[in-house]
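**Student:** With the input below, show me the fold.
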Amino acid sequence: MSNIEKRVLAWVQKYYIILFAIIITILAIWIRCSACNYESTDYKNYLLPWFHEIKHLGGLSALKHQVGDYNIPYQLLISLITYLHIDPLYAYKIISDVFDFILAIGSGILATLLINTNKKAQLFVGVYGIILMLPTVITNSAYWAQCDAIYSAFVILSLAFLYKQKFIYAFIFLGLALAFKLQAIFIVPFYLYCYFANKNFSIGNFLISIVTFYVICLPGILMRHSWSAPLDVYIKQQSEYPNLSFHFPNVWAIINQPYKYLAPLAIILTISILGYGLFYILSHHVDLTVPTNYLMIMMWTLWSCVMFLPAMHERYGYLLDVVLVICAFKDKRFVIISALDIFISLSAYSIFLFNVNVVLFQLMALIYFVLYLIATYLVFNNLQTNFYNETDIKII
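**Tutor:** I've put the predicted structure just below:
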């Protein structure tokens, strides 16, 4: 080996973390650019018509009206891109793609907070890279032109601040997430768990999220002269999709029965399961300031919501996919669970996004339910037996 080779290899060895971050970033940008011309059915039937309607109504002036079924902040973003001389397809995707990177950075930060290791830089870059290249993250933004990365990024940042006990910032970001997508509400039960178990913040902190929610919606509220405008959007959404499951492989995809009769049962069942989770935490004096407990219970509450609530769409497990990746870095037993979750989520995406006929979808939903049961056992059994040792390093 020549001296030049030795110097190059020594330089690579010294800066390999930075090099990996740069390479994965370039690859992530490249793969998103390669999908920039793909037009999904959602884009053709909804996003593009919304763009044209908002542009016809005068851009920002369109905030006087509710265009589409997304809340005011996203409509505001659409209003702003109507002033740009750029193809709306690219504009939609650029917004979502930018938040992919914010989500990946936030996930890396959250992982370094919750996983005990002396290799923080490696952990951050590892999580950052996997989240950026996660199939569901790529397809959601780069192909589908959907915006789940926006609310998910805000939720992840909120969870990081909540763990650090920076409660003002935590609840500001939670309010931002709720303003962009109602699906952010799936994480709210975990905040209630922390409130009751940790007793280190006031119930009044939730008012910060409410105020933030209304502040970011303020342009539309003032133009419509209605303080209920942001809530009206979400209320209307609930009546638009009267199905137990929309290509989402939860327990209701297995049963596949009428929404009218089982929706109330689904809601009550979800509340009951989450209520029992809280009962267990309080009765066993589970400390949610412990990193492992914080991460695993956070994951379980998310999964419980999407598993048992009715009217779940294929994209509603997006945030869970991200959190399970962090769990896999924490505990190697979640590597297989996370990988299967991603595969099943991507299969569900493909039904709508690429018109793929997924054979035996009910069987896939059953497997998804079994994964949930396994994860539930691992989480609560380990909480009870104190299996996890916070001094252990379990980085993959």
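
**Student:** which stretches of the stretch 201-350 of the chain form helices?
**Tutor:** 206-216, 218-224, 229-240, 251-255, 259-283, 291-308, 318-330, 334-353 (DSSP state H, counting those that start in this stretch).

**Student:** can you put these in JSON lines and add mean pLDDT?
**Tutor:** Listed next are the helices of the stretch 201-350 of the chain as JSON lines, based on pLDDT from 0 to 100:
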{"stretch": "helix 206-216", "mean pLDDT": "96"}
{"stretch": "helix 218-224", "mean pLDDT": "91"}
{"stretch": "helix 229-240", "mean pLDDT": "82"}
{"stretch": "helix 251-255", "mean pLDDT": "88"}
{"stretch": "helix 259-283", "mean pLDDT": "92"}
{"stretch": "helix 291-308", "mean pLDDT": "97"}
{"stretch": "helix 318-330", "mean pLDDT": "97"}
{"stretch": "helix 334-353", "mean pLDDT": "93"}
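
**Student:** List the contacts of the most centrally placed residue in the chain.
**Tutor:** The structure's the chain has its C-alpha centroid closest to residue 319; by Cα atoms, centre = their mean the separation is 2.2 Å. Neighbour list for residue 319: 148, 151, 152, 155, 156, 183, 186, 187, 302 [criterion: Cβ atoms under 8 Å, 6 or more residues apart in numbering]. For the C-beta atoms, the positions are set from N, CA and C on the backbone; glycine is no exception.

**Student:** from these, which is closest to residue 375?
**Tutor:** When those are ranked by distance to residue 375 (Cβ to Cβ), residue 302 comes first, at 10.6 Å.

**Student:** which residues touch the spatially closest residue to the closest one that is not a sequence neighbour?
**Tutor:** Using Cβ to Cβ, 6 or more residues apart in numbering and skipping the chain neighbours, the partner closest in space to residue 302 is residue 320 (4.8 Å). Going by Cβ under 8 Å, 6+ apart, residue 320 touches 299, 302, 303, 306, 341.

**Student:** For PyMOL, what selects the buried ones among the contacts of residue 319?
**Tutor:** Selection of the buried residues among these in PyMOL, burial being defined by 16 or more other Cβ atoms under 10 Å:
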select buried, resi 148+151+152+155+156+183+186+187+302
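
**Student:** just checking, which of the contacts of residue 319 belong to helices?
**Tutor:** Among those, DSSP state H puts 148, 151, 152, 155, 156, 302 in helices.

**Student:** so how far is residue 14 from the residue nearest to residue 302?
**Tutor:** For residue 320, the distance to residue 14 (Cβ to Cβ, to the nearest Å) stands at 37 Å.

**Student:** Kindly report the same for residue 235.
**Tutor:** Applying Cβ to Cβ, the value for residue 235 to residue 14 is 57 Å.

**Student:** helices and strands around the host helix or strand of residue 8, which ones?
**Tutor:** Applying DSSP states H and E as the criterion places residue 8 in helix 3-34. Packing contacts for helix 3-34, counted by 3 or more Cβ pairs under 8 Å, 6 or more residues apart in numbering; DSSP states H and E, involve helix 88-114, helix 120-133.

**Student:** a markdown table for those, including mean neighbour count?
**Tutor:** Converted to a markdown table, the helices and strands packed on helix 3-34 look like this (neighbours: other Cβ atoms under 10 Å):
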| stretch | mean neighbour count |
| --- | --- |
| helix 88-114 | 21 |
| helix 120-133 | 20 |
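
**Student:** what sits up against stretch 21-36?
**Tutor:** Stretch 21-36 has contacts (Cβ under 8 Å, 6+ apart) with 89-90, 93, 97, 100-101, 125, 128-129, 132-133, 138, 141-143.

**Student:** one more time with 10 Å
**Tutor:** Outside stretch 21-36, the residues that touch it by Cβ atoms under 10 Å, 6 or more residues apart in numbering are 15, 87, 89-90, 93-94, 96-97, 100-101, 104, 108, 121, 124-126, 128-133, 137-139, 141-145.

**Student:** What would that stretch look like as PDB? C-alpha coordinates only.
**Tutor:** Presented in PDB, the C-alpha positions along stretch 21-36 are these (Å, rounded to 0.1, in the frame of the first residue of the first chain):
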ATOM      1  CA  ALA A  21     -23.600  12.000   6.600                       C
ATOM      2  CA  ILE A  22     -22.600  13.800   3.400                       C
ATOM      3  CA  ILE A  23     -23.000  10.700   1.200                       C
ATOM      4  CA  ILE A  24     -26.400   9.700   2.700                       C
ATOM      5  CA  THR A  25     -27.600  13.300   2.300                       C
ATOM      6  CA  ILE A  26     -26.600  13.400  -1.400                       C
ATOM      7  CA  LEU A  27     -28.200  10.000  -2.000                       C
ATOM      8  CA  ALA A  28     -31.400  11.100  -0.200                       C
ATOM      9  CA  ILE A  29     -31.600  14.200  -2.400                       C
ATOM     10  CA  TRP A  30     -30.900  12.300  -5.500                       C
ATOM     11  CA  ILE A  31     -33.600   9.700  -4.900                       C
ATOM     12  CA  ARG A  32     -36.100  12.400  -4.200                       C
ATOM     13  CA  CYS A  33     -35.100  14.300  -7.400                       C
ATOM     14  CA  SER A  34     -35.600  11.100  -9.300                       C
ATOM     15  CA  ALA A  35     -39.200  10.900  -8.200                       C
ATOM     16  CA  CYS A  36     -40.000  14.600  -8.800                       C
END
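
**Student:** tell me the mean pLDDT over that stretch?
**Tutor:** For stretch 21-36, the mean pLDDT works out to 96.

**Student:** and what of stretch 172-179?
**Tutor:** Mean predicted confidence for stretch 172-179 is 97.

**Student:** Please state the offset of that stretch from the chain centre?
**Tutor:** Average the C-alpha atoms of stretch 172-179, do the same for its chain, and the two points are 13 Å apart (Cα atoms, centre = their mean, to the nearest Å).

**Student:** Next: stretch 50-67.
**Tutor:** In terms of Cα atoms, centre = their mean, the centre of stretch 50-67 is found 28 Å from the chain centre.
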